[in-house]
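Quick check, what structure comes out for this input:
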Amino acid sequence: MLPGLDGAAVPGAGARSGGKASGAKASGGRAAGTGAGETGGVPVARTLPVARVALDLQPAHLDQPYDYLVPASMDDDAQPGVRVKVRFGRQEVGGFVLSRLAESDHEGRLVPLKRVVSAERVLTAQVLELCRAVAARYGGTLADVLRLAVPPRHARVEQETVPPPGRAGEDGGEGADGPAGDWSTDPGGTGTSAWAPYQGGQAFLRRVLGGDAPRAVWSALPGVDDTRPAGAGTAETAGTPVPRWATAVGAAVAACVAGGRGALVVVPDARDVVRVRAALDAAGIPAGPGGHVRLIADDGPAPRYRAYLAVLRGHAPVVVGTRAAMFAPVRDLGLVVLWGDGEETLAEPHAPYPHARDVLALRAAQAGAAFLLGAPGRTVQAQALLASGWARELAPARDTLRARTPRVRALTSVELAREGAAAAARLPSVAWRAAREALGHGPVLVQVPRGGYLPVVACARCRTAARCEACHGPLGLPRADASPQCTWCGRMAGGWSCAGCGWTGLRSVRVGSARTAEELGRAFPGVPVRLSAASAPSGVLDTVPGEPALVVATPGAEPVARGGYTAVLLLDAAVMSGGTHLAAGTDALGRWLAAAALARPDGQVLLVGDGAPGPSQALVRWDPGGFAARELDERAALRLPPAVRVAAVTGDRDAVAAVVERVGLTGENVLGPVEVDDPSPAPARRGGATTPKADRAAPAAAAEALDVARPVRTVLRVPLDQGDELARRLRASMAVRSARRERGTARARMDPEEML
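This next block holds a predicted model:
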């Protein structure tokens, strides 16, 4: 146990709402009026007349179930899992029925349910159990997690006629005679070829097929699979070149489905969803009844709710989606797959800020399902799963790895010393010659850390960073003929002059993808240049032909080329690996490997610039596991996550101090408080204009101008086995704050992203 609180109830935590609100936590007592046939003139259900409801309430101290009477007219519809509306005090609040009871522990008069919103039981018992576990792990409220788990209702979609569930392939797909059918008769046949290069890969699939629950962290081999026949799959996936990792995921899901269980696949973005769906089509699990569905929040309310209902009603045993799909109510769940756990899009930006990796790990443990975590690189959190023995490693042998990976060279200043002054060029002559030669055989990928044109500029004379006069944000140039513009507030700075020397000229500090494409177009005349980035006019490209071309992309926006790239240039290595956050090295290595994995086995990868030695050497060796293991050892020695559990409390100094004091930690377990910038920076989008994590929070320039105290942050640190207790205490302290309506602002977060 942690020092301080002895487990007794914290004043205000879990307190009843008071006033006219009805409800209390269950304790087995009898509620007044529950034995009567009606209350206040409203006939009450004769059996199980009490509904226990989870309400959609924001205050932390109201996070508890509440009891309501079930009117006889709602007896059939008010079942566990349905949406209801109730009266809570003077307001009408939505919620979910958790259970039906014969009696309540509430000593006062119970209020009847106001109405049943829909008879659809959208909250299953398994999803409810998962939501409670996620709320407990992250110190959040059940209401916050339920908002993430169950999509908003779409009435028209509920009335649609949904085809009955059928076997994969009955809608005209190739499932009945495809690879999924081969699994049932030949578990060691062609269906396992994608896993043959991995040590233990085929054994993992046999266990999944047999109904076991193996757990694995997977280091995927690079490459692109172009063996799918033309026109195969749906209109969305037809002709899509599939990375080999997606083919392996399709084989794992096929084994699970052949074993009679459902599967859930979560990936970082919609482009990866398309690739996995193409692999599932090839594996004999087509889209539609009996096959798989796509569940993505960006599709909009109606498509998302339609996919959710298809899974809920058992019409599709497989779900493929982004972060929004991690709570999908898959029946008989037998396998959960997470790809690319280092991507920021898999971290939920809303309270209680769960990460898909932890949610799926909890879900696999609760459901007794297999767990597969794969990525181009490896995060320290994934390595911690291996170090603890919770999961096993699936990786190719070194000779297989050498045969399947392209040649990697790090063009550092030491490597290029013989080039003289040309060694300092952004594109050294060695890289230029390699790209020129590779263009004779196919496309060349150029990865650039930042999007835009010139995202950061400085004074051309004294090189002082150019800042906005209004908010002190960095100035940049959106295009060659544009005036300087603040990248934070968007204000134009046409009359800018340096505050230090008065000079009006600007020079580039950081070069974006658009400027890089422009420079490469001049360096390689006659060669097509394609730009893939969220800030590009054409947006993020999914695929490019296998013809000679220069493809400039930001991290996460690299398109797949047919047959693979003949060469991959990774520019500005120092910028990519130069962040100050803990995961700077593993993030950089993961992004480099994701781009390098798209190269042909006989191609080459050139890392240009003086990147950090650790990730640069790991890239040359193609050894993300070894680098993650060393990072984990260093963090354990320094008592940093994931070797410990941490929580961050951010806000006004007095409010933060009050929250931390109630938690009861002292000494070296409390770090801070320290002044910080904006306490809630928005995460960068995958494939967009990426910036180092340490640079994303805007400084509180307005607060400084008004002489207002800046927010502070205090970090709480405990051993891993006391993490759940820390989350409970932190939630209880925030509940006290909510109940007392304490002044100021404070935000608590378990496992903050900046500490991972």
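
residues contacting His342?
Heads up, residue 342 is Gly, not His. If you count contacts by C-beta atoms under 8 Å, 6 or more residues apart in numbering, Gly342 has them with 375, 377, 379, 583, 586-587, 590. Backbone N, C-alpha and C define where each C-beta goes, glycine included.

and with 6 Å instead?
For Gly342, the residues meeting the contact criterion (C-beta atoms under 6 Å, 6 or more residues apart in numbering) are 375, 379, 590.

Is it in a helix, a strand, or coil?
Under DSSP: H, G, I helix; E, B strand; the rest coil, the three-state class of Gly342 is coil.

roughly how far apart are it and Leu756?
10 Å (C-beta to C-beta, to the nearest Å).

Kindly report the same for Glu675.
Look at Glu675 and Leu756: by C-beta to C-beta, they are 22 Å apart.

out of the two, which sits in the busier spot?
The neighbour comparison of Glu675 against Leu756 (other C-beta atoms under 10 Å) goes to Leu756, with 21 against 12.

since we're on the closest residue to that one other than its chain neighbours, how many residues are nearby?
The shortest distance from Leu756 to any non-neighbouring residue, by C-beta to C-beta, 6 or more residues apart in numbering, is to Pro641 (5.5 Å). Look at Pro641: counted by other C-beta under 10 Å, it has 20 neighbours.

low-scoring stretches of the protein, by residue?
For the chain, the stretches flagged by pLDDT under 70 are 1-40, 161-192, 226-239, 420-424, 678-708.

Geometric centre of it: which residue is closest?
Ranked by distance to the mean C-alpha position of the chain (C-alpha atoms, centre = their mean), the top residue is Leu346 at 0.2 Å.

Tell me if Gly140 really is in a helix.
No - assessed with three-state DSSP, Gly140 is coil; it does not lie in a helix.

what's the neighbour count on it?
Using other C-beta under 10 Å, Gly140 has 27 other residues around it.

could you list every residue that touches it?
Counting by C-beta under 6 Å, 6+ apart, the residues that Gly140 touches are 351-352.

cutoff 10 Å now
60, 63, 131, 134, 148, 350-354, 727, 730-731, 734, 748-750 (C-beta atoms under 10 Å, 6 or more residues apart in numbering).

Overlap of the contact sets of Gly342 and Leu756?
379-381, 583, 586.

from those, which is closest to Ala194?
Thr379 (23.1 Å; C-beta to C-beta).

Would you check how far apart the nearest residue to that closest one once chain neighbours are set aside and Ala594 are?
Excluding its sequence neighbours, the residue lying closest to Thr379 (C-beta to C-beta, 6+ apart) is Gly342, at 4.6 Å. According to C-beta to C-beta, Gly342 and Ala594 sit 9 Å apart.

what do those two both touch?
Common neighbours of Gly342 and Ala594 (criterion: C-beta under 10 Å, 6+ apart): 375-377.

Could you point out which of the residues you listed is nearest to Pro243?
The shortest approach to Pro243 among the shared contacts of Gly342 and Ala594 belongs to Pro376, at 9.4 Å (C-beta to C-beta).

Just confirm the closest one contacts Leu593, I think it does.
Yes - applying C-beta atoms under 10 Å as the test, Pro376 and Leu593 come out as touching, 4.1 Å apart.

Now do the shared contacts for the two.
Counting by C-beta under 10 Å, 6+ apart, the residues touching both Pro376 and Leu593 are 219-220, 222, 624.

nearest to Ala297, of these?
Nearest member of these to Ala297, counting by C-beta to C-beta, is Ala220, at 25.7 Å.

Report the contact partners of the closest residue to that closest one other than its chain neighbours.
Excluding the flanking residues, the one nearest Ala220 by C-beta to C-beta, 6+ apart is Trp245, at 4.0 Å. Taking C-beta under 10 Å, 6+ apart, we find Trp245 in contact with 194, 218, 220-223, 225, 267, 272, 275-276, 279, 339-340, 374-376, 594, 597.

Narrow those residues to those in strands?
Under the assignment DSSP state E, the contacts of Trp245 contribute 218, 225, 339, 374-375 to strands.

most neighbours, which of the residues you listed?
Scoring those on neighbours with other C-beta under 10 Å, the highest-scoring entry is Trp218 at 28 neighbours.

isn't that one right up against Ala248?
Yes - the pair Trp218 / Ala248 is scored as a contact, 7.9 Å apart, by C-beta under 10 Å.

what's the overlap in contacts for these two?
Common neighbours of Trp218 and Ala248, using C-beta under 10 Å, 6+ apart, are 195, 198, 201, 337, 339, 372, 374, 394.
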